[in-house]
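J.: coordinates only, sequence not included:
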């Protein structure tokens, strides 16, 4: 079974630029999550989708971050404009049912200069 | 108080040692608990679920004390390959049916097992 796919794996941008990340969850997984993991911290949930609807975006900085999940499969996370403090690994995860079935992708490492 | 707090670490232990990680959580509504493992520059992976009074999987034992809102992970006979960051994770399950699970991760504790 193929895992969660993410791209790009690495991205370096300057502050105030825009960036987008892509995630393809495990086939058949209805729930998709985006996490932000800053160095030395645990992952922090940014947004959670159930199919193509948002169920939790309470920790998403909506003034600069946006996410969508078209057709309930792939998802993109965008940052516009980026700030220095956005430097982190952005992890996508998906699950089919309970929380112990949540699988993470390899992440996108973002560096904002 | 942070929602999930772990030992700050890092822990450096010799091979064969027993090491224990501690975690406390603040939300008494939390329903289920997990330990994840994260290797350097890799994604987190589920190590163990912790249900009811705890469980054991080979060299790993997880304990839960709901009254104290405390979770632990014990690794016996540690191996070099156990070197990783261990993340304590709690979940507040939805009030009704569905999959609106909210996992909250601790900062993690770095373990290095030395030869």
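T.: Cool, got the structure. Computed from a predicted model, the values in this text were never measured in an experiment. Numbering: from 1, shown residues only, chains lettered A, B, ... in the order given.
J.: so what's the residue of chain B found nearest chain A up against?
T.: Closest residue of chain B to chain A, Cβ to the nearest Cβ: residue B:105 (3.2 Å). Placement of C-beta: from N, CA and C, glycine included. Applying Cβ atoms under 8 Å, 6 or more residues apart in numbering or on different chains, one finds that residue B:105 lies in contact with A:42, A:43, A:44, B:4, B:36, B:44, B:87, B:88, B:89.
J.: Quick one: neighbours of the residue nearest to residue A:8 when sequence neighbours are not counted, just the number.
T.: Here the nearest residue to residue A:8 in space, its sequence neighbours aside, is residue A:108; by Cβ to Cβ, 6 or more residues apart in numbering or on different chains that works out to 6.0 Å. Residue A:108 is flanked by 22 other residues according to other Cβ atoms under 10 Å in any protein chain shown.
J.: ok, residue A:108 to chain B distance?
T.: From residue A:108 over to chain B the distance is 11 Å, taken as Cβ to the nearest Cβ, to the nearest Å.
J.: And that residue, its phi and psi?
T.: phi -120, psi 120 (degrees, to the nearest 10).
J.: pretty sure it is in contact with residue A:88, am I right?
T.: No: contact criterion Cβ atoms under 8 Å: residue A:108 and residue A:88 do not qualify, at 9.3 Å.
J.: who are the neighbours in contact with the residue lying closest to residue A:6 once chain neighbours are set aside?
T.: Of all residues not flanking residue A:6 in the chain, residue A:105 sits nearest, at 4.0 Å (Cβ to Cβ, 6+ apart). Residues counted as contacts of residue A:105 (Cβ under 8 Å, 6+ apart) are A:3, A:4, A:5, A:6, A:23, A:91, A:92, A:93, B:43.
J.: give the contact list for the nearest residue to residue B:75 once chain neighbours are set aside.
T.: Excluding the flanking residues, the one nearest residue B:75 by Cβ to Cβ, 6+ apart is residue B:19, at 5.1 Å. Residues counted as contacts of residue B:19 (Cβ under 8 Å, 6+ apart) are B:11, B:13, B:74, B:75, B:78, B:111.
J.: switch the cut-off to 7 Å
T.: Residues in contact with residue B:19 (Cβ atoms under 7 Å, 6 or more residues apart in numbering or on different chains) are B:11, B:13, B:75, B:78, B:111.
J.: Can you pull out the residues in contact with the helix or strand containing the second one?
T.: Element membership for residue B:13 (DSSP states H and E) is strand B:11-14. Counting contacts by Cβ under 7 Å, 6+ apart, the residues outside strand B:11-14 that touch it are B:19, B:78, B:109, B:111, B:112, B:113, B:114.
J.: mind running it again at 10 Å?
T.: B:17, B:19-21, B:75, B:78, B:82-83, B:86, B:109-115 (Cβ atoms under 10 Å, 6 or more residues apart in numbering or on different chains).
J.: Closest to residue A:14 out of the residues you listed?
T.: Closest to residue A:14 out of the contacts of strand B:11-14 is residue B:110 (31.1 Å), distances taken as Cβ to Cβ.
J.: and the closest one, helix, strand or coil?
T.: strand (DSSP: H, G, I helix; E, B strand; the rest coil).
J.: ok so, going back, wait, which of the contacts of residue B:19 is closest to residue A:78?
T.: Using Cβ to Cβ, the contacts of residue B:19 come closest to residue A:78 at residue B:111, 35.7 Å.
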